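In: Predicted model, plus sequence, below.
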Amino acid sequence: MVIWISVIAAVLAFGLTWLAGVWFIPFLHKLKYGQTILDIGPKWHKAKKQGTPTMGGIMFIIAVSVCFACAVILFGPLGGKNFAGEDRQELVRAVSGLIMAVMFGFMGFLDDFIKVKKKHNEGLTVMQKIVIQVLIIAAYFATLYLNGMTRTAILFPWGWTWELGWLYYPIMGIVILYLVNAVNLTDGIDGLCSCVTVVYMAAFACISGILGMYCETLLALLTAGGCIGFLMWNFPPAKVFMGDTGSMFLGGMVTALAFIMGRPELVFFFGIVYIWDAMTVVIQRVYFKLTHGKRIFRMTPIHHAFEMRGWKEVKIDFFFSLIAIIGVVLGLMYVYMA
């Protein structure tokens, strides 16, 4: 029964996101809130994608938030019923995860808004972004700690654990910071970020459902539904971009689900595409400085290197989704052994 409620809610999130595009995309066109394409990217991007509306992530953020609130109020503890055995503590953790993702999305919205107003690709400064993100992460950790999630150990297969103590929070904070921004970098071609995130959300829904953590299952399925609904407008050739608004929200959701489940190490499996894509940027920059101008990759993030080789965006979406599936399979094996 509970799984069906989550599935129905996910279908509604899909429908709301898709329908929102019917009104919201023309509205963004009217406001002239178009994406400014960097000159350092593939040259055909500027010709084909310049001016495409951005901030489309608002569509699925609202859909996910509204559907989650309705499901919890109607079928959860707030409605006088027990949503799949979840107690209030579990509910608070799920809500705090959603709030963290929304706050990341709001920061992304501010960044997008500044960009479209100034008509260039520079929004918030790097320092402003770091300060805001650190504050969001600190507030999230505080909420989890106050609600009983005080474990500071990382679980490994065959019962081995690594106790980090107080170092757990700065280390995991850096992990969240990296991954959220990595998701943002992955959103570089039409459909890529949504396709990959759908795979990861399906995996989170599977694991949380097996473990009986149904609020987390609901969140994961809602996010997957919202991403699929957004793909109806973002699949190549895209009619709208999610912008930093959407990618930051998705980054927050991926990390939140891993931490709510008490398995933060899962982000290294259920985020392997994001990590790989962002790591190529780091490697390229370090190598460029050390060799005084030489490059390892034709372009970074790495998905642009595939574009430079002549791959179509649909082919890149499929290939990266396949890598995401491989990461999910490895993650499921990891959880089973641990």
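Out: Good, I have the coordinates.
In: lowest average confidence, helix or strand, in this protein?
Out: helix 43-49 (a mean of 56; mean pLDDT, DSSP states H and E).
In: Following the chain past that one, name the next helix or strand.
Out: helix 57-75 (DSSP states H and E).
In: Show me where the protein has its strands.
Out: Assigned by DSSP state E, the strands in the chain fall at 153-155, 161-163.
In: Out of these, which is closest to residue 274?
Out: Minimum separation from residue 274 across the strands of the chain (Cβ to Cβ) falls at strand 153-155, 19.4 Å. In short, each C-beta sits where N, CA and C put it, glycine included.
In: Surely residue 166 and residue 152 touch.
Out: Yes - with contact defined as Cβ atoms under 8 Å, residue 166 counts as touching residue 152 (7.3 Å).
In: Among these two, which residue is more densely surrounded?
Out: Neighbour tally, residue 166 and residue 152, criterion other Cβ atoms under 10 Å: the higher count belongs to residue 152, 16 against 8.
In: quick one: contacts for that one?
Out: By Cβ atoms under 8 Å, 6 or more residues apart in numbering, residue 152 lies in contact with 163-169.
In: Likewise for residue 186?
Out: Taking Cβ under 8 Å, 6+ apart, one finds 192-193, 196, 247, 273-274, 277-278, 301, 303 in contact with residue 186.
In: Helices - which of those land there?
Out: 192-193, 196, 247, 273-274, 277-278, 303 (DSSP state H).
In: Kindly reformat these as a markdown table containing pLDDT, distance to residue 118 and neighbour count.
Out: Shown next, in a markdown table, are the ones in helices among the contacts of residue 186 (pLDDT from 0 to 100; distance: Cβ to Cβ, whole Å; neighbours: other Cβ atoms under 10 Å):
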| residue | pLDDT | distance to residue 118 | neighbour count |
| --- | --- | --- | --- |
| 192 | 96 | 26 | 23 |
| 193 | 96 | 24 | 32 |
| 196 | 97 | 30 | 28 |
| 247 | 96 | 20 | 29 |
| 273 | 96 | 31 | 29 |
| 274 | 97 | 28 | 32 |
| 277 | 95 | 27 | 25 |
| 278 | 95 | 25 | 22 |
| 303 | 92 | 26 | 25 |
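In: ok, of those residues, which one's closest to residue 7?
Out: residue 196 (21.3 Å).
In: between the contacts of residue 152, which has the most around it?
Out: Counting by other Cβ under 10 Å, top hit in these: residue 168 with 18 neighbours.
In: what's around residue 245, how many residues?
Out: For residue 245, using other Cβ under 10 Å, the count is 26.
In: any idea how far the spatially closest residue to residue 183 that is not a sequence neighbour is from residue 242?
Out: If the residues on either side of it in the chain are set aside, residue 183 comes closest to residue 251, at 3.5 Å by Cβ to Cβ, 6 or more residues apart in numbering. Distance, residue 251 to residue 242, by Cβ to Cβ, to the nearest Å: 11 Å.
In: same check, this time on residue 65
Out: Taken as Cβ to Cβ, the span from residue 65 to residue 242 is 15 Å.
In: of these two, who's got more company?
Out: residue 242 (31 against 19).
In: ok, residue 143 - how many residues close by?
Out: Residue 143: 17 neighbours (other Cβ under 10 Å).
In: where along the chain do the helices fall?
Out: According to DSSP H, the helices that the chain contains are 2-31, 43-49, 57-75, 88-118, 126-146, 168-186, 192-210, 214-234, 243-260, 272-290, 302-308, 313-337.
In: how about those, which one is nearest residue 266?
Out: Nearest of the helices of the chain (Cβ to Cβ): helix 243-260, 4.5 Å.
In: quick check: angle from the closest one to helix 57-75?
Out: 40 degrees (axes from the mean of the first three to the mean of the last three Cα atoms, to 10 degrees).
In: ok, and for helix 243-260, which residues are buried?
Out: 243-260 (16 or more other Cβ atoms under 10 Å).
In: returning to what we had before: and the residue nearest to residue 183, what is it in contact with?
Out: So residue 251 contacts 101, 104, 179-184, 274 (Cβ under 8 Å, 6+ apart).
In: Output those in TSV, with distance to residue 130 appended to each entry.
Out: TSV is the format used below for those (distance: Cβ to Cβ, whole Å):
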residue	distance to residue 130
101	18
104	13
179	14
180	11
181	9
182	15
183	16
184	13
274	18
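In: nearest to residue 222, of these?
Out: Looking across the contacts of residue 251 and measuring by Cβ to Cβ, the closest to residue 222 is residue 101, at 11.1 Å.
In: Neighbours of the closest one, how many?
Out: Residue 101 has 28 nearby residues by other Cβ under 10 Å.
In: Test my guess that it contacts residue 253.
Out: Yes - counting by Cβ under 8 Å, residue 101 touches residue 253, with 4.3 Å between them.
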